[in-house]
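**Student:** let me see the structure of the following:
(chains A, B, C and D)
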Number of protein chains: 2
Amino acid sequence: MSVTIHQVAAEAGVSPSTVSNVLNGRSERMLPQTRERVEEAIARLGYRPNGPARQLRTGRSQALGLVVPSVANPFWGTFARHLEAAALQAGYRVLLCNSERDPARERDYLEELWADGIRGVVLCSSLPSLEHVLPLVERGLTLIAFDRTAQAGDPPSLVNISVDNAVGTELATRHLLQLGHRRLALVSGSLHSVNRRARLRGFEAALEEFGLTAADAVVWSGTADHDPAAHGYGDLDFPDLGRSAARELLATGRPPTAIVAINDMCALGIIAGARDAGLQVGTDLSVVGFDDIVLADLATPPLTTVRQPVPAMADAAFAHLRAGIERAGNGGAPGGSLLLRPELVVRSSTGPAPAP
Amino acid sequence: MSVTIHQVAAEAGVSPSTVSNVLNGRSERMLPQTRERVEEAIARLGYRPNGPARQLRTGRSQALGLVVPSVANPFWGTFARHLEAAALQAGYRVLLCNSERDPARERDYLEELWADGIRGVVLCSSLPSLEHVLPLVERGLTLIAFDRTAQAGDPPSLVNISVDNAVGTELATRHLLQLGHRRLALVSGSLHSVNRRARLRGFEAALEEFGLTAADAVVWSGTADHDPAAHGYGDLDFPDLGRSAARELLATGRPPTAIVAINDMCALGIIAGARDAGLQVGTDLSVVGFDDIVLADLATPPLTTVRQPVPAMADAAFAHLRAGIERAGNGGAPGGSLLLRPELVVRSSTGPAPAP
DNA sequence: TTGCACCATTGCAACGATGCACCAAACTAG
DNA sequence: CTAGTTTGGTGCATCGTTGCAATGGTGCAA
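**Tutor:** Model prediction:
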């Protein structure tokens, strides 16, 4: 059906071994003219090496795995694109999988990727425990945990890459406090994940700086109903979460004047909820998001948010993954957490606190 | 490194062939107890068949390819998720690739997928000519063209799946005309793709129904600067396109009172542009989108748009792909276009035409 | 008892690429 | 002129799985 290395060899009048040598850059061991004849034959026949055969023989694969919660969330889509770009440049391909934040699916995908010869995976899962994928790591899978920081019990070689979430919400919250807001809320969703807990810590740290206590702020972590992990559609529930939160928070006797959202999707939901309640976001109510997805700038009003340095994070993830794969067992891997610095992007969804 | 079929065979006290037979459902030819012993051994050792080896031997692959313009556009992210769900249920996996609407990347990806043993791909490309991937189809690749309709010169077996774009914009435009708008604009971006041309036809058809001519409407197709294909970042330029279009159109002497956008991302850009110009969308200016992405409902104001039946389209794409793969050469393939019916979702970004 | 059909099970040769070990020829040194 | 080295290239076993052809054992009819 397809052209094989033997046909190329015959066409060029050499042995398959020689063609293989050309293919694998061992061309210093042959006459330039031989190499040329082989390359011509390859071009003439339109030959491409058979991936599976190659992989079977070498055990290596030119592909990486990327497991994200859901590509329907533009944040993950954007991250995927950047990782793909970095990988492509180095000759790797990326296989993308949606876990829907389900640990069982995460494990199944990793098992399948492993069986397919993939030896390096970026797992975007902020679960505190990585127990469910530990066996794979022990078998030799290079794993980069994205959007997560190191936890006790992690395998020693595990590299975690994340934005500094605590700093992020601290920036956001301080911004609100500086604008004079004193009744704040954090809409977080379930706090099962390490990054959300870090975001909570940043929120609380900023409050403390300004001499406020937990009593001055409310943390809206939703009900089981709103826990994205409980649904099939993962990240698509964030907007609903935000909308419900806004509805509830704004209906209380002493509603907050500013809300920190756990991410931009949630913030957009909050804005929609505020609009439902007849409030003007940016004057009556301030809202800060987190991520800086493409649409943050297009929202009405444009969303003030904490930007994750996605390109840099994707580059870092790829670099560590590649190093891990190419080290491949021999040589002790470092492991630990890499925290990148977020940046506050002020737009118009935040403004001075309204007069009391 | 990993468990092989030989180890399983040894553990169960049978030959590798028998294990293979169990694995491939040829269990009617063996004693139930043998089968049981093998299954126990598989479970005990945690055996998973090696994908590449299997593929090398059989030529078959349990993976499908999906090439989308850019997962950073939530529409494609959502489509990818639905296709993945359909495929997963049937035991297939999906490999996702971003073409950035670049024909060369489309071809490269298909070549690579083919070399990796993938025999079926959904290509989301609305280019009129599929010339660049024709050689692959001739070699036996089953190709489903998504977001495109059949064109002269297509390979006879090609299945095209798309929403009925003309009907979609016709619904949208008629809605605006019924609201009393008489000065309309279509913001289309470059008209190189078949689906955009179909959307233009629908727009014109609706105008005609109401006795209007091309003189009453303006088609803003942008400049080369705004052509997403000219950029690296594909679909991320749609919002900019919309924003520029709004700025230009609203600055003319006789600005349109209603705008049909080529898609939701573009519509969100138009809304942002209208806001920049101090207009109230839904009263001063009506805007209709196309796609119904998750965020359409969250926009301010919520976006009136033409919904694409994504789950149904994904199911159809998978069903045809599977049929094509499993037919695999023998048996004449049908080929043609499948057009699914869109649906107008009225929200608040459209309203009665303002008094002249 | 022989011949034959039938059965569960197994041996073995692939699939396509790789890379080590080897080889023949050409050169160099003594 | 021989022994040793370098150069340029090839032979072959191998990766893990598959599925056809073949195996030997059993039961039954003739």
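**Student:** chain A: strands as residue ranges?
**Tutor:** Listed in chain order, the strands of chain A (DSSP state E) span A:63-68, A:93-98, A:120-124, A:142-146, A:159-163, A:184-187, A:217-220, A:258-261, A:286-291, A:304-307, A:336-340, A:343-345.
**Student:** now the shortest one: buried residues?
**Tutor:** Applying a neighbour-count criterion of 16 or more other C-beta atoms under 10 Å in any protein chain shown, one finds A:L344, A:V345 buried in strand A:343-345. Placement of C-beta: from N, CA and C, glycine included.
**Student:** that strand pairs with which strands?
**Tutor:** Sheet pairing of strand A:343-345 (DSSP bridges) gives strand A:304-307 (antiparallel).
**Student:** okay, the strand it pairs with in PDB with CA atoms only?
**Tutor:** Extracted in PDB, the C-alpha atoms of strand A:304-307 (Å, rounded to 0.1, in the frame of the first residue of the first chain):
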ATOM      1  CA  THR A 304     -10.100  43.000  34.600                       C
ATOM      2  CA  THR A 305      -8.300  39.800  35.100                       C
ATOM      3  CA  VAL A 306      -5.100  38.100  36.200                       C
ATOM      4  CA  ARG A 307      -3.200  37.000  33.100                       C
END
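**Student:** spatially nearest residue to A:E204, not counting backbone neighbours?
**Tutor:** Excluding the flanking residues, the one nearest A:E204 by C-beta to C-beta, 6 or more residues apart in numbering or on different chains is A:A214, at 7.1 Å.
**Student:** looking at the stretch 151-300 of chain A, which residue is nearest DNA strand C?
**Tutor:** As assessed by C-beta to the nearest atom of the strand, DNA strand C sits closest to A:S157 within the stretch 151-300 of chain A, at 24.4 Å.
**Student:** and the residue in the stretch 251-356 of chain A that chain B sits nearest to, what does it touch?
**Tutor:** The stretch 251-356 of chain A approaches chain B most closely through A:T300 (3.6 Å), counting by C-beta to the nearest C-beta. The contact partners of A:T300, by C-beta atoms under 8 Å, 6 or more residues apart in numbering or on different chains, come to A:I271, B:I271, B:A272, B:R275, B:A299, B:T300, B:P301.
**Student:** quick check: the gap between the last one and B:V287.
**Tutor:** Think B:P301. Between B:P301 and B:V287 the distance is 9 Å, computed by C-beta to C-beta, to the nearest Å.
**Student:** for the fifth one, same thing?
**Tutor:** Look at B:A299 and B:V287: by C-beta to C-beta, they are 9 Å apart.
**Student:** same deal with the third one?
**Tutor:** Shown here: B:A272 relative to B:V287, a distance of 11 Å by C-beta to C-beta.
**Student:** columns distance to DNA strand D and pLDDT on top of the contacts of A:T300, output as TSV?
**Tutor:** As requested, the contacts of A:T300 are exported to TSV (distance: C-beta to the nearest atom of the strand, whole Å; pLDDT from 0 to 100):
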residue	distance to DNA strand D	pLDDT
A:I271	52	97
B:I271	54	97
B:A272	54	95
B:R275	59	93
B:A299	50	92
B:T300	54	90
B:P301	56	94
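**Student:** who has more neighbours out of B:A272 and B:V287?
**Tutor:** Neighbour totals were compared for B:A272 and B:V287, and B:V287 leads with 30 against 25 (other C-beta atoms under 10 Å in any protein chain shown).
**Student:** need the contact list for the nearest residue to that one once chain neighbours are set aside.
**Tutor:** In space, and not counting its chain neighbours, B:V287 is closest to B:S349: 4.7 Å by C-beta to C-beta, 6+ apart. For B:S349, the contacting residues are B:267, B:271, B:281-282, B:286-289, B:299, B:301-304, by C-beta under 8 Å, 6+ apart.
**Student:** state the phi and psi torsions of B:S349.
**Tutor:** phi -80, psi 0 (degrees, to the nearest 10).
**Student:** do the same with the one 3 residues further on
**Tutor:** Here the main-chain torsion angles of B:P352 (degrees, to the nearest 10) amount to phi -60, psi 150.
**Student:** so it sits right up against B:Q178, yeah?
**Tutor:** No. Checked against C-beta atoms under 8 Å, the pair B:P352 and B:Q178 is beyond contact range at 9.7 Å.
**Student:** just to revisit the earlier point, give me the common contacts of B:A299 and B:V287.
**Tutor:** Common neighbours of B:A299 and B:V287, using C-beta under 8 Å, 6+ apart, are B:I271, B:S349.
**Student:** per-domain residue ranges of chain A.
**Tutor:** A:5-48, A:61-163+A:309-342, A:165-307 (automatic domain parsing).
**Student:** ok, which of those domains comes nearest B:A53?
**Tutor:** In terms of C-beta to C-beta, the element of the domains of chain A nearest to B:A53 is domain A:61-163+A:309-342, at 9.3 Å.
**Student:** what's the first-to-last distance across that closest one?
**Tutor:** In domain A:61-163+A:309-342, first residue to last residue: 34 Å (C-alpha to C-alpha, to the nearest Å).
**Student:** quick one: mean pLDDT for it?
**Tutor:** For domain A:61-163+A:309-342, mean pLDDT is 90.
**Student:** residue ranges in the stretch 201-350 of chain A under the pLDDT threshold?
**Tutor:** For the stretch 201-350 of chain A, residues meeting the criterion pLDDT under 70 lie at A:223-236, A:328-333.
**Student:** if we go to 80?
**Tutor:** Applying pLDDT under 80 to the stretch 201-350 of chain A flags residues A:214, A:222-236, A:327-334.
**Student:** who in it is up against chain B?
**Tutor:** Residues of the stretch 201-350 of chain A that fall close to chain B, judged by C-beta under 8 Å from any C-beta of the partner chain: A:236, A:239, A:268-269, A:271-272, A:275, A:294-295, A:297-302.
**Student:** hmm, which of those are the buried ones?
**Tutor:** A:236, A:239, A:268-269, A:271-272, A:275, A:294-295, A:297-302.
**Student:** for chain A, what spans make up the helices?
**Tutor:** Listed in chain order, the helices of chain A (DSSP state H) span A:5-12, A:16-23, A:32-45, A:51-58, A:74-89, A:103-115, A:134-139, A:165-178, A:194-209, A:238-250, A:264-276, A:310-327.
**Student:** could you say which of those is packed most deeply?
**Tutor:** Ranked by mean neighbour count, the helices of chain A are led by helix A:264-276 with a mean of 27 (mean count of other C-beta atoms under 10 Å in any protein chain shown).
**Student:** helices or strands up against that helix?
**Tutor:** helix A:238-250, strand A:258-261, strand A:286-291 (3 or more C-beta pairs under 8 Å, 6 or more residues apart in numbering or on different chains; DSSP states H and E).
**Student:** A:V260 versus A:L186, what's the distance?
**Tutor:** Taken as C-beta to C-beta, the span from A:L186 to A:V260 is 5 Å.
**Student:** more neighbours, these two?
**Tutor:** A:V260 (32 against 26).
**Student:** returning to that earlier point: quick check, nearest of the buried ones among the residues of the stretch 201-350 of chain A next to chain B to B:L136?
**Tutor:** Distance to B:L136 across these (C-beta to C-beta) is lowest for A:V294, with 32.1 Å.
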